[in-house]
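Student: Sequence first, then the predicted structure:
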Amino acid sequence: MATPVQQEPLFIIMLGAPGAGKGTQARMLSEALNLPQISSGDFFRENLKNATPLGLLAKQYMDTGALVPDDVTIAMVMDRLTRPDCANGAILDGFPRTLPQADALDKSLAAKNLQVQRVALLEVSDEAVISRLAGRRVCRDCQAMYQVEFNPPKVEGVCDVCGGQLYQRSDDAPETVRNRLFVYYKQTAPLVGYYFAHSVLVNIDGEQPMEKVRADLLAAIRAA
Ligand code: AP5
């Protein structure tokens, strides 16, 4: 009888500027690969919705487009990665986004003889980011994502999936988006070199239609 092949847990990072499509693609990959999507931004927004101390702390930074301090963010994500649903890996969306976060993740995985297999850098121009985020709408209930021009809901303001109300994120205001881009170039872009040096970086053209981005991502992950 053939011995079942034991697959190594698959940890994939979605890297890219705000609005590059990390959340959209992480959600699709999560379904395709049956791995949990771990989004640090969603965690903070969920905590804010529930008015927890973590949510109220994060709000002070998110409102201006700054990053939440590393110690808080690292502790939150490391704790999430210990849950049983991460036994086969995870799709990390929005984490890490500083060198100390990347280092903490590597050390935590290495302690279990694990590693990051692929870092997908979604490449999108600043102009595309600004126009995408101006038209982004998110469902209050199921977090499904829309874009008024490229991916509109069937009925304006209503989620196709669950009928929930769509809203615009407060940090998608143009001035805040500009600061988020600034923060991305200053604090997150150095991760491109970090992961290139670790031979796990793959560049994906994020300005293609969503389905094409998804196909390129899946091909890159399967080639890992
Ligand atoms: P977070 O929620 O992670 O925001 P972000 O990284 O700025 O990314 P976005 O969610 O804005 O964009 P995305 O790349 O996921 O794009 P999406 O798929 O939505 O973080 C928010 C804040 O939380 C941060 O500013 C920070 O304060 C804090 N935070 C989070 N993580 C942190 C960390 N690790 N450390 C410290 N602080 C942290 O797509 C955007 C739009 O484009 C959508 O409308 C979508 O429908 C559309 N779209 C997607 N793909 C395409 C396509 N191919 N063509 C056309 N439209 C497309």
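Tutor: Now that the structure is in, tell me what you want to look at.
Student: dump the residue contacts of residue 203.
Tutor: 121, 123 (C-beta atoms under 8 Å, 6 or more residues apart in numbering). In this view, the C-beta of every residue, glycine as well, is placed from N, C-alpha and C.
Student: let's go with 10 Å and repeat that
Tutor: Going by C-beta atoms under 10 Å, 6 or more residues apart in numbering, residue 203 touches 15, 119-123, 192, 196, 216, 220.
Student: Can you report phi and psi for residue 136?
Tutor: Main-chain dihedrals, residue 136, degrees, to the nearest 10: phi -80, psi 140.
Student: list the helices and strands the strand or helix carrying residue 181 packs on?
Tutor: Assigned by DSSP states H and E, residue 181 falls within helix 174-183. Under the contact definition 3 or more C-beta pairs under 10 Å, 6 or more residues apart in numbering; DSSP states H and E, helix 174-183 sits against helix 53-62, helix 126-134.
Student: Can I get those helices in JSON lines including distance to the ligand and mean pLDDT?
Tutor: As requested, these are exported to JSON lines (distance: least, C-beta to the nearest ligand atom, whole Å; pLDDT from 0 to 100):
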{"stretch": "helix 53-62", "distance to the ligand": "4", "mean pLDDT": "95"}
{"stretch": "helix 126-134", "distance to the ligand": "4", "mean pLDDT": "94"}
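Student: any chance of these in a markdown table, plus distance to residue 171?
Tutor: As requested, the helices and strands packed on helix 174-183 are exported to a markdown table (distance: least, C-beta to C-beta, whole Å):
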| stretch | distance to residue 171 |
| --- | --- |
| helix 53-62 | 6 |
| helix 126-134 | 9 |
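Student: In JSON lines: these, plus mean neighbour count.
Tutor: Shown next, in JSON lines, are these (neighbours: other C-beta atoms under 10 Å):
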{"stretch": "helix 53-62", "mean neighbour count": "16"}
{"stretch": "helix 126-134", "mean neighbour count": "17"}
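Student: Looking at the ones you listed, spot the one closest to residue 89.
Tutor: helix 53-62 (25.0 Å; C-beta to C-beta).
Student: With adjacent residues omitted, what lies nearest to the closest residue to the ligand within the chain?
Tutor: As assessed by C-beta to the nearest ligand atom, the ligand sits closest to residue 41 within the chain, at 2.0 Å. Nearest residue to residue 41, sequence neighbours excluded (C-beta to C-beta, 6 or more residues apart in numbering): residue 94, at 4.7 Å.
Student: And for residue 162?
Tutor: Leaving aside its sequence neighbours, residue 162 sits nearest to residue 142 (C-beta to C-beta, 6+ apart; 4.5 Å).
Student: Check what pLDDT that neighbour gets.
Tutor: Looking at residue 142, its pLDDT stands at 91.
Student: element containing it, please.
Tutor: Applying DSSP H and E, one finds residue 142 in no helix or strand.
Student: That one against residue 164, yeah?
Tutor: Yes. Counting by C-beta atoms under 10 Å, residue 142 sits close enough to residue 164 to count as a contact (6.0 Å).
Student: Of the two, which one has the most company?
Tutor: Neighbours were counted for residue 142 and for residue 164 using other C-beta atoms under 10 Å; residue 164 has more, 17 against 12.
Student: Confirm residue 90 sits in a strand?
Tutor: Yes. Counting by DSSP: H, G, I helix; E, B strand; the rest coil, residue 90 is located in a strand.
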